[in-house]
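A.B. asks: Prediction below, plus the sequence it came from.
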Amino acid sequence: MTTKKNLIAGNWKMNGSLAANEALVKALLAGVGAPACEVAVCVPAPYLSQVQSLVAGSPIALGAQDLSAQPQGAFTGEQSAAMLKDFGVRYAIVGHSERRQYHGETDELVAAKTAAALANGITPIVCVGETLAEREAGRTEEVVKRQLAAVIHVNGHCISEIVVAYEPVWAIGTGKTATPAQAQSVHAVLRAQLHHAASEHAAGIRILYGGSMNAANAAELLAEADIDGGLIGGASLKAPDFLQIIAAAR
Ligand code: PEP
C-alpha cells in the first residue's frame, strides 16, 4: 500500500464535442463530492481550454493525452509541455499503447516526453503493457520492465514524480479485464523495479491499472496492494460509471 492517494484518471481518447463535454463534466461535478482519491480527466487537446474552465476550482484535475518531447519550434501538429501548462494541465498521459502502436512511439521517445513533462511541472502518466502475443509468449515481465527502465534511465532522480499505468494492450477497449491477481502480479514487478531505482520513493509512486476497468470491476482491482488507481477509457465517458469508479477508490 502506498501513502499517496489513489488517482482515478479518465482518458477520453478522441471523443467529445463542446456540448458532450459540458454535459459530461457537469454531471461529474454534480456527483463527485469530496472524493477520497485524486481525479483527473485527460481530454483531447482542442478542448483543454473548455474543460479547464469547467473544472476550475473543483476536485477534478485537467489532463492531456500526449505532449511533445520538444520545447518549441518546427514540429507541426504538436503541443509542448509549456503550452499545456498554460492551460492548467496537471497530468499528461505518455506512451499510451495507441500512441506506441499507431504513431510508432519508441521507449526512447516516451522517456523524452516524460522528461519534458517533468521539466514543466506536469505529472506524466507513463503507460506500459504487453500485447496478447507477448503475454502468450511469456514475455510480460520482460516487456513492462524494458518500457519502465527506459523512463527510469533518462529521468533518474525525478522518477519519484511520475505515475505509472500498467495497461495490458489486450485489455484496452476490449472488455477483457486482467484479473485482480494478474494485474497485481505485474504491479508487484513494477513496484520492485521502482524500489531498485528509487528505494525511498517507490512506495509512494502510484501504479494505476488500465484496461476495461469499469463500475463493476473497479473495487476488486483497486483492493489489490499495489494498484493505486485506474486509467479509464470507455467508462470515463459515462458519468455514472466514472463516478462509481471514483467512489470505489478509497
Ligand atoms: C485506456 O485508453 O487507457 C483504457 C484503459 O481504455 P479502456 O478503459 O476503454 O479499456
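C.D. replies: Noted; the coordinates are in hand. Given the structure is predicted, the values throughout are model-derived calculations rather than measurements.
A.B. asks: buried sites along whichever helix in the chain runs longest?
C.D. replies: Determined from DSSP state H, the single longest helix within the chain is helix 180-197. In terms of neighbour count (16 or more other C-beta atoms under 10 Å), helix 180-197 has its buried residues at P180, A183, Q184, V186, H187, V189, L190, R191, Q193, L194, A197. In short, each C-beta sits where N, CA and C put it, glycine included.
A.B. asks: Then stretch 95-102?
C.D. replies: Of all the residues in stretch 95-102, those buried under the rule 16+ other C-beta under 10 Å are G95, H96, S97, E98, R99, R100.
A.B. asks: roughly how far apart are the fifth one and the ligand?
C.D. replies: Taking C-beta to the nearest ligand atom, to the nearest Å as the measure, R99 falls 11 Å from the ligand.
A.B. asks: let's have the chain start at 69 instead
C.D. replies: In the new count, where the first residue is 69, that last one comes out as R167.
A.B. asks: right, and that residue touches A160 too?
C.D. replies: No. Using C-beta atoms under 8 Å, R167 is not in contact with A160, being 11.4 Å away.
A.B. asks: Overlap of the contact sets of the two?
C.D. replies: Both R167 and A160 are in contact with D134, where contact means C-beta atoms under 8 Å, 6 or more residues apart in numbering.
A.B. asks: show me where this structure has helices.
C.D. replies: Under DSSP H, the chain gives helices at 86-100, 116-123, 149-154, 165-170, 175-187, 200-204, 208-223, 248-265, 286-290, 307-316.
A.B. asks: Can you report how many residues neighbour the residue of the chain found nearest the ligand?
C.D. replies: Nearest residue of the chain to the ligand (C-beta to the nearest ligand atom) works out as G301 at 2.2 Å. Using other C-beta atoms under 10 Å, G301 is surrounded by 22 other residues.
A.B. asks: Contacts only, for the nearest residue to it once chain neighbours are set aside.
C.D. replies: Excluding the flanking residues, the one nearest G301 by C-beta to C-beta, 6 or more residues apart in numbering is N79, at 4.9 Å. Shown in contact with N79 (C-beta under 8 Å, 6+ apart): C110, Q133, I161, H164, G278, L299, I300, G301, S304.
A.B. asks: again, only this time at 6 Å
C.D. replies: Residues counted as contacts of N79 (C-beta atoms under 6 Å, 6 or more residues apart in numbering) are C110, L299, G301.
A.B. asks: Check A185 too.
C.D. replies: A149, A160, P192.
A.B. asks: how far away is A87 from Y115?
C.D. replies: 11 Å (C-beta to C-beta, to the nearest Å).
A.B. asks: More neighbours: those two, which one.
C.D. replies: Set side by side, A87 and Y115 show more neighbours around Y115, with 20 against 8, by other C-beta under 10 Å.
A.B. asks: So for that one, what's the nearest residue that isn't a sequence neighbour?
C.D. replies: Nearest one to Y115, counting by C-beta to C-beta, 6+ apart, is N89 at 5.5 Å.
A.B. asks: Any idea how many residues pack against that neighbour?
C.D. replies: 19.
A.B. asks: same thing with S121?
C.D. replies: Around S121 there are 13 residues (other C-beta under 10 Å).
A.B. asks: who are the neighbours in contact with Y159?
C.D. replies: Residues in contact with Y159, defined by C-beta under 6 Å, 6+ apart, are A108, G131, T191, I193.
A.B. asks: Could you give the number of residues near A102?
C.D. replies: A102: 5 neighbours (other C-beta under 10 Å).
A.B. asks: follow-up on the earlier one: JSON lines for the helices of the chain, including distance to W238 and mean pLDDT?
C.D. replies: As requested, the helices of the chain are arranged in JSON lines below (distance: least, C-beta to C-beta, whole Å; pLDDT from 0 to 100):
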{"stretch": "helix 86-100", "distance to W238": "27", "mean pLDDT": "98"}
{"stretch": "helix 116-123", "distance to W238": "30", "mean pLDDT": "98"}
{"stretch": "helix 149-154", "distance to W238": "30", "mean pLDDT": "98"}
{"stretch": "helix 165-170", "distance to W238": "10", "mean pLDDT": "97"}
{"stretch": "helix 175-187", "distance to W238": "19", "mean pLDDT": "96"}
{"stretch": "helix 200-204", "distance to W238": "4", "mean pLDDT": "95"}
{"stretch": "helix 208-223", "distance to W238": "10", "mean pLDDT": "93"}
{"stretch": "helix 248-265", "distance to W238": "11", "mean pLDDT": "96"}
{"stretch": "helix 286-290", "distance to W238": "16", "mean pLDDT": "97"}
{"stretch": "helix 307-316", "distance to W238": "21", "mean pLDDT": "98"}
